[in-house]
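Student: Curious how this folds, go ahead:
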Amino acid sequence: MRPSIPALVTLLVAQGARALIPATPGEQTRRAITSMKEKIAQVRSTNLPPRIYIDYLIPLPPATTDADIDPWPGGLAQMYPYAEDILCDILTGVVDESSRDKVSSQVVSVQDCCGFFIQESPVSPELDVAALLFPGPDQFAKMKEIEDMVGDSRTLIIFNRQYTRPEDFGFFRKGEAKEFMEKYEWGFAFQEIACRGEDVKLVYEQSVGWQGSLVDEKGREIEIKDSSWDAKDRPEYMAVEAKINEILPEPLWMRMMQEANEKGLKFQRKDE
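Tutor: All right, here's what the predicted structure looks like:
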């Protein structure tokens, strides 16, 4: 018999397992730094140019409320200063013996809110780490130019890319884009997706690979995994959906209806 969801949650707590989801922005940054250092070391051991992706879940602005339809009405322009601060922290943490004041930056595209950053290493120029923030298909020529400038010995990070597949670069450039994208590996990711109406988080760390979890309506974190999945590959949407159907057969709306029938509507409950 499969254990109930409360039993599974209790088991995870009892085992003292580290939460799959970073609990705070600070924890996300620390885990990103650790994973990135491990990934850079692993890529260097293969004598390949370190080319690495980071997907960072930027925390919402402090003034955000539940009533906000779009917490980022200003889009990337509003996100940029938050992301810039986070990226500088990560670069400083990744490069040993470095300091934040040694991070230099320049704007690649004002219109598309794309920036280029580099953290110099006090030990060796080969240990410098560069990063592109928010690059998109329109910056493809500049991305290639920067990659050539960085060279094979130094690390280049693409932070919160604005593309996901070669086709995003257009029909005539998708072949070249595919070749470009194949150079890059995941160093860290914290992503959120809606799957079957559920709040799903996907996390990639070099030491463990891809992990998935679901945060239910009570705020409980439930791990989503299958023995057939390869942790090196990001779980496909359909595979995640099938696993959710297995773990939680009843969809969210049905569970909420059942709770309302048992306890009444939330505004009618005196003890909540």
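
Student: Could you give the backbone dihedrals for residue 155?
Tutor: As for residue 155, its main-chain torsions (degrees, to the nearest 10) stand at phi -80, psi 140.

Student: Tell me the buried residues in the helix or strand encompassing residue 144?
Tutor: Residue 144 is part of helix 140-150 when elements are defined by DSSP states H and E. Going by neighbour count (16 or more other C-beta atoms under 10 Å), the buried part of helix 140-150 is 140, 143, 146, 147, 150. (Each C-beta comes from the backbone N, C-alpha and C, glycine too.)

Student: Could you report the neighbour count for residue 254?
Tutor: Neighbour count of residue 254, defined by other C-beta atoms under 10 Å: 11.

Student: can I assume it sits in a helix?
Tutor: Yes: according to DSSP: H, G, I helix; E, B strand; the rest coil, residue 254 belongs to a helix.

Student: pLDDT at it, what is it?
Tutor: Per-residue pLDDT puts residue 254 at 78.

Student: Residues in contact with whatever helix or strand comes next after the helix holding residue 144: which ones?
Tutor: Sequence-wise, the next helix or strand downstream of helix 140-150 (DSSP H and E) is strand 155-159. Here strand 155-159 makes contact (C-beta atoms under 8 Å, 6 or more residues apart in numbering) with 36, 40, 49-54, 56, 83, 87, 91, 94, 128-135, 143, 146-147, 150, 184, 187.

Student: what angle separates strand 155-159 from helix 140-150?
Tutor: Comparing the axes of strand 155-159 and helix 140-150 via axes from the mean of the first three to the mean of the last three C-alpha atoms, to 10 degrees yields an angle of 150 degrees.

Student: Please export the C-alpha coordinates of strand 155-159 as CSV.
Tutor: Provided in CSV are the C-alpha atoms of strand 155-159 (Å, rounded to 0.1, in the frame of the first residue of the first chain):
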residue,chain,number,x,y,z
THR,A,155,34.3,30.7,-17.4
LEU,A,156,31.3,32.3,-19.1
ILE,A,157,27.9,32.1,-17.4
ILE,A,158,24.6,32.8,-19.0
PHE,A,159,22.3,34.0,-16.2
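
Student: could you pull out the helices for the chain?
Tutor: With DSSP state H as the criterion, the chain has helices at 5-14, 25-44, 75-94, 140-150, 174-181, 237-247, 252-263.

Student: ok, back up a step: now, among the buried residues of helix 140-150, which is nearest to residue 115?
Tutor: Nearest to residue 115 among the buried residues of helix 140-150: residue 146, at 11.0 Å, using C-beta to C-beta.

Student: Leaving out chain neighbours, which residue sits closest to that closest one?
Tutor: Counting by C-beta to C-beta, 6 or more residues apart in numbering, residue 146 lies nearest to residue 116, which is 6.1 Å off, once chain neighbours are set aside.

Student: pretty sure the one you found is touching residue 106, no?
Tutor: Yes: using C-beta atoms under 8 Å as the test, residue 116 is close enough to residue 106 to be in contact (5.4 Å).

Student: When the two are compared, which one has more neighbours?
Tutor: It is residue 116, of residue 116 and residue 106, that has more neighbours when counted by other C-beta under 10 Å, with 22 against 8.

Student: If anything else comes up later, I'll come back, but that's it for now.
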